[in-house]
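Q: Here is my input, please return the structure:
(chains A, B and C)
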Amino acid sequence: MPTLRESIMTAPTDAVASPVRRKPLWHRVLCNWSVRLGGGVLTLLIIMAISAQWLGTIDPVAMDPSSGNLLPGTTAEFNNLSGDSFEHYFVMGTDSLGRDTWSRIAFGARVSLAVGVAVACLALAAGMLVGILAGYFRRLDNIIMRIMDSVMAIPSILFAITLMALWRPTLLTVVVAITIPEIPRVARLVRSIVLSIREEAYVEAAISLGTPTVMILVRHILPNAIAPLLVQGTYVCASAILVEAILSFLGVGLPPDIATWGNIMADGRTQFNQFPQTVLFPGIFLALTVLSVNILGDGLRDTLDPKFNKRGG
Amino acid sequence: MFFFIIRRVLSTIPVLVIVAIIVFLMLRLTPGDPAASLVGNNGTSADIANIRASLGLDQPLPVQFYKWSLQLLKGDLGESYYMKRPVTQLIGQRIGPTLSLSFLTMFVTILLAVPLGVFAAWRHGGWLDRALMGFSVVGFSIPSFVIGYLLIWVVALHWQLLPVQGYVPIAQGFGGWLSHLTLPALTLSIIYLALIARVTRASVSEALSEDYIRTARSKGISELRVLTRHALANAAVPIVTVIGIGVGLLIGGVVVTETVYAIPGLGQLTVDAVLGRDFPLIQGITLFFSFVYVLINLLVDLSYVVLDPRIRY
Amino acid sequence: MFKRVLSKLILGAAIAGAMVGAHAQDDSKVLRIVPQADLKILDPIWTTAFVTRNHGYMIYDTLFGLDGEGKVQPQMVDTYSTSPDGLTWTFTLRKGLAFSNGKPVTSADVITSINRWGKRDVFGQKMFESMASFDAIDDNSFKMVFKTPFPMVLDALSKPSGIAPFIMEKATAETPADKQVTEYIGSGPYVFKQDEYSPGSKIVYTKNTKYVPRSEPASGTAGGKQVFVDRVEWVILKDAQTMANAISNGEVDLIEWMPAEQYAAFKANPKLELVKPTPAGLFDLHLNHLVPPFDNPKIAQAAIMAINQEALLRAQLVNKDLYRTCTSIYPCDSALASTDSAYFTGKPQFEAAKKLLKEAGYDGKPVVLLYPADFAVINKFPPVMAQLLKQAGFNVDMQAMDWSSLITRRTMKEPADKGGWNMFITGWSTGDTMNPLFFPPLTGNGEKGWFGWPTDPKLEQLKTDFLKATDEAQRKKIAAEIQLEVYATGIFAPLGNFDFYSVLRKGVVTGLINAPVNVFWNLKKN
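A: Sure thing, here's the model as predicted:
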């Protein structure tokens, strides 16, 4: 069963006109407008996440029930539960428990981006391991790929939800629960690369010369894998950010007092008709983040050797 | 051809078996005592011991699995430990709304996406083509629940054209059924639409560049017939493939959409089961969905025989 | 090919559309109610959960009821008498009482049911302690003989809540009290339609044609329980927004408990009417005294000191019209309310709490706070309480689950990190809390008591004293002492009083009865 991404990627896109003079790789990457757009927006979001404390925010967990559901743009007294009070400008209003929505969005970006990157790295690492084992060792190939097919047969959100039901919700369990369904796709990609490289003459030569397997993997296979893996990594990242938001929205993600975009939307859901801002603001940020990562991925795919990604599993 | 069908059907069996193993292991490998989780309403150690004996939890894992799969083959998915009713019965009760939503979504999607894709391929490079490409990236990135809430806000609340949420069975009136399912189906179909339209466009575009199209045109066949009878028919294989894969997306999307629109279907049942840590129910639903997914992809693969006589495995 | 497929699809859709035509049910005889929570536990003797109790009132009947003025009135009983020495009570059932399957109600059914009730209910336990025998005289009458006079027999048999003594069939009532029943046949005004029972989605009741209501008008849980609709559907809607949408559209007719955050919207909606059918309610924070750390009363007191009633009530109920702070364990507008609450002020005392924790040697292990995410009426409390506890020096592990899981989880006696629990918050009604003998959590007999299982012999003694009290002044005095004892051990603490509102479609639904609990007979749909 070919995967989703592969179906899109193997569909022929318009031919890329090759320039007469080949610019260096990094230059081509950075000049691609998709990379610029996606990467640019993403960088802004990362900066927002890192510098959340200095962007006019307050403690994202601090609540003041008497300032619940304020409209965006209100300035009001914030009395936190310890009894301190201060004036604050609520750019995006507050949620039902009086927590500042903008603060939760800004700090929530940390969780979303962290989960996205962590899942991408973990899925790439695990997928690489599995893919190499399957591609390189003929005897393991069949059984490994059958297992990967089976994991893919379980719809990924369902898989993640079930795992979260079995474990206690912490950042680690959320990352692992989202990673596991993503591994098969990466594994298939790596396996296909390994399979094609294996047939090359220079690899056969290296084997017959008695080069240790590890060296072959590192010297020949890895360099060819980096580009497509990087592209795949961005798609995994986008998907992970989405799944984490869905898990929180359904109530099975991180505990509800932690600020994540999905949690903010879950809280705002019960009063959507009266106060849509608590759902729509984090929704916009979520959409923007996932969109920018996807566009970045598309740009990387177009520049970093598009030929490779057409080879499906 | 007969052998092909047999072989293809047989090849799903190992996948189903491994899915069953994965689902089986998920509960058994949880931290803590599965018997304690299952016993629920009584904290006495006598009851836990009883459950352990009746489920055979004190026996080695392979024996447990054997017994469990025998049960499975008889169609018994176990009993929800909260509601004390068979899982199959609970699934049967809630499947109506989910099926309605899924069919309507697929119907709408294919109805819109295929013609759009064909048209975009026909007018290659035109404004529709570009718009479609742009839309497909966006459609893939915006989370379905954000789209859902936006639609509710604009269509149901501001314009008051359609109901905000809920489900009316078709037996109580086609009009009610349709009006309640329109927004959910639209929400769910956007991702699917993006995917199918893009693949349709790509494969029809490729088919249109083939020689037989030129032949057909020079024979004076009408353009519509060229597009449908010749180009689309030959492009059918990747399109149908992607429809099959998209079912996995659909299943995941159903869970979120049913939550947003308060539709009492399988998606909501899943969320309820997870929040209640009702393991037999979670297991049953996961198995059910996975099997459906494998089945649909099997049908897709078998349909190749009809769509493209050239394909042989 | 494509066209052929398309035309087939259109044909199919047209046929489906034509087939359904006018299949609409006669809506005027179907009443759709949104209950306070999902109904997954069907045994109202096994659990004190209100939603299950309400289910009980739909399909079962009781020997006595409480009328609109709070007076005990016979319901299933026709005549009754007490012997002069107060030790023997004789009862005769009304003629023609039958279960929905046609079998007549006999003394055997009554005795078995009340026995089972007496094992679970806190007041029932007290009654049975004083009882010498409880036997049938014949199929229609029975008597209770006591060792010492027990003047509150009728109060016990008309107990509206906590656990109400519903009468079930003998065979069903023989189920041990610590297991749930699996048959649901009752002699009440409605019949439970088990084949249409879809937990999480819909619960269906039909009119019990075999039910013979009393001739008096319905009043409270007493009087003639007339049914004017053919079918009642409990539609499970999980969140406040969905409920608001549904009732505005006429998809449901009555919301049992109005979600507070929609109060302003409901008040402003001309199609809807807000009514208060039941007296004020009370929210309590309950602590588990069987396992650490709250087995240490100092730590329990520290947790209680973290309560900030105003903040908690504001978060949950939003509008000041709907709540009042109150530091008494009894509702502040009830007879026994006492202002003497020792260290508990309802305002947070974080420094004092931290000091107590240090003295008691709190080890920093997280306390498990159960959080019923789907129960709109109480699901804003736990996040605020968690914050308050953290400020007071606790580490908190707030675990999200649904309400049915919570009422199951709270039965667990294991330590918190092994599947048990330390604290949860729930709501009670005046009917439960106005009398210390009726209130389920007010127990001090360890594991025989309500969830939390505190051991407090002084409390049990005070309860016995209250039972024996002869006049109002004495009762009030003892009630105040009981309150102090509750705070001293830290069994539970009130978060405040609030009003229960029901929402109904104006002009469409009439006949909602004022009663100690939410009851759904006598309702007419226009």
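Q: Check whether the residue most central in space within chain A sits in a helix, strand or coil.
A: Residue closest to the average C-alpha location in chain A (Cα atoms, centre = their mean): A:Cys237, at 1.7 Å. Three-state assignment for A:Cys237 (DSSP: H, G, I helix; E, B strand; the rest coil): helix.
Q: what's near enough to touch it?
A: A:Gly116, A:Val117, A:Val119, A:Ala120, A:Val293 (Cβ atoms under 8 Å, 6 or more residues apart in numbering or on different chains). Glycine gets a C-beta too; all of them are placed from N, C-alpha and C.
Q: do you know how far it is from A:Leu189?
A: 15 Å (Cβ to Cβ, to the nearest Å).
Q: And B:Leu77, by the same measure?
A: 34 Å.
Q: hmm, back to that, now, the most widely separated pair of the contacts of A:Cys237?
A: Farthest pair in these (Cβ to Cβ) is A:Val119 and A:Val293. Separation: 11.8 Å.
Q: So those two - more neighbours on which side?
A: Neighbours of A:Val119 and A:Val293, each counted by other Cβ atoms under 10 Å in any protein chain shown, are more numerous for A:Val293; the result is 29 against 26.
Q: Can you give me every residue that contacts that one?
A: Going by Cβ under 8 Å, 6+ apart, A:Val293 touches A:Gly38, A:Leu42, A:Gly116, A:Thr234, A:Tyr235, A:Cys237, A:Ala238, A:Ile241.
Q: Can you classify C:Ala493 by secondary structure?
A: Under three-state DSSP, C:Ala493 falls in the strand class.
Q: Could you do B:Ile152 as well?
A: B:Ile152 ends up helix, using three-state DSSP.
Q: what does C:Val291 give?
A: Following three-state DSSP, the label given to C:Val291 is coil.
Q: Return the distance of it relative to C:Thr426.
A: Taking Cβ to Cβ, one finds C:Val291 at 19 Å from C:Thr426.
Q: Look at the two and report which has more neighbours.
A: Counted by other Cβ under 10 Å, C:Val291 and C:Thr426 do not tie: C:Thr426 has more neighbours, with 25 against 19.
Q: is the more buried one in a bridge, and if so with what?
A: Beta bridges link C:Thr426 to C:Asp284, judged by DSSP bridges.
Q: is it true that it touches C:Leu282?
A: No. Contact between C:Thr426 and C:Leu282 fails when scored by Cβ atoms under 8 Å: they sit 9.8 Å apart.
Q: For burial, what's the neighbour tally of residue 146?
A: In the absence of a named chain, chain A is used. Taking other Cβ under 10 Å as the criterion, the count of residues near A:Arg146 is 15.
Q: I was thinking of chain B, sorry if that wasn't clear
A: Residues near B:Val146, counting by other Cβ under 10 Å, number 24.
Q: Model confidence score at it, please.
A: pLDDT recorded at B:Val146 is 83.
Q: Next: C:Asp284.
A: Looking at C:Asp284, its pLDDT stands at 93.
Q: In this structure it contacts C:Ile425, no?
A: Yes. At 7.0 Å, C:Asp284 counts as touching C:Ile425 under the criterion of Cβ under 8 Å.
Q: What lies in contact with stretch C:434-442?
A: Residues outside stretch C:434-442 that contact it (Cβ under 8 Å, 6+ apart): C:48, C:121-123, C:126, C:152, C:155, C:159, C:161-163, C:284, C:286, C:329-331, C:334-336, C:428, C:431-433, C:450-452, C:459, C:463, C:466-467, C:479, C:482, C:486, C:491-492.
Q: Among these, name the ones in helices.
A: Judged by DSSP state H, those include C:122-123, C:126, C:155, C:431-433, C:459, C:463, C:466-467, C:479, C:482, C:486 as members of helices.
Q: Near chain B, which residues of the stretch 201-313 of chain A are found?
A: A:238, A:242, A:245-246, A:249-252, A:265, A:269, A:272-273, A:276, A:279-280, A:283-284, A:286-287, A:290-291, A:294-295, A:298 (Cβ under 8 Å from any Cβ of the partner chain).
Q: Buried ones only from the residues you listed, please, as a ChimeraX command.
A: Remark: buried members of these, expressed as a ChimeraX selection using 16 or more other Cβ atoms under 10 Å in any protein chain shown:
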select /A:238,242,245,246,249,250,251,252,265,269,272,273,276,279,280,283,286,287,290,291,294,295,298
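Q: rewinding a little: more neighbours: which of B:Leu77 and A:Leu189?
A: A direct count of neighbours by other Cβ under 10 Å for B:Leu77 and A:Leu189 places A:Leu189 higher, at 27 against 21.
Q: Wait, that one touches A:Leu230, no?
A: No. With contact defined as Cβ under 8 Å, A:Leu189 and A:Leu230 do not form a contacting pair (11.2 Å).
Q: where are the low-confidence patches of chain C?
A: Filtered on pLDDT under 70, chain C yields the residue ranges C:1-26.
Q: hmm, try it at 50
A: Low-confidence regions of chain C, defined here as pLDDT under 50, cover residues C:1-25.
Q: So which residues on it come close to chain A?
A: Contact residues, chain C versus chain A (Cβ under 8 Å from any Cβ): C:239-241, C:244-245, C:259, C:261-262, C:264-265, C:308, C:310-312, C:314-315, C:318, C:348, C:350, C:371, C:373, C:376, C:380, C:383-384, C:386-388, C:391, C:398, C:400.
Q: Which members of these are classed as buried?
A: Buried among those by 16+ other Cβ under 10 Å: C:239-241, C:244-245, C:259, C:261-262, C:265, C:308, C:310-312, C:314-315, C:318, C:348, C:350, C:371, C:373, C:376, C:380, C:383-384, C:386-388, C:391, C:398, C:400.
Q: Can you name the residues of the stretch 101-250 of chain B that neighbour chain C?
A: B:107, B:111, B:114, B:163-166, B:170-174, B:177, B:228-229, B:232-233.
Q: What's the PyMOL line that selects buried ones from the residues you listed?
A: Applied in PyMOL, the following selects the buried portion of those according to 16+ other Cβ under 10 Å:
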select buried, chain B and resi 114+163+164+165+166+170+173+174+177+228+229+232
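Q: wait, what's in contact with residue 198?
A: In the absence of a named chain, chain A is used. Contact analysis of A:Arg198 by Cβ under 8 Å, 6+ apart lists A:Gly135, A:Tyr136.
Q: Chain C was what I was after
A: B:Gln93, B:Arg94, B:Pro264.
Q: In helices only, show me the residues of chain C next to chain A.
A: With helices taken from DSSP H, the overlap with the residues of chain C next to chain A comprises C:240-241, C:244-245, C:264-265, C:310-312, C:314-315, C:350, C:383-384, C:386-388, C:391.
Q: Of those, which are in range of chain B?
A: When contact is defined as Cβ under 8 Å from any Cβ, those meet chain B at C:Asn245.
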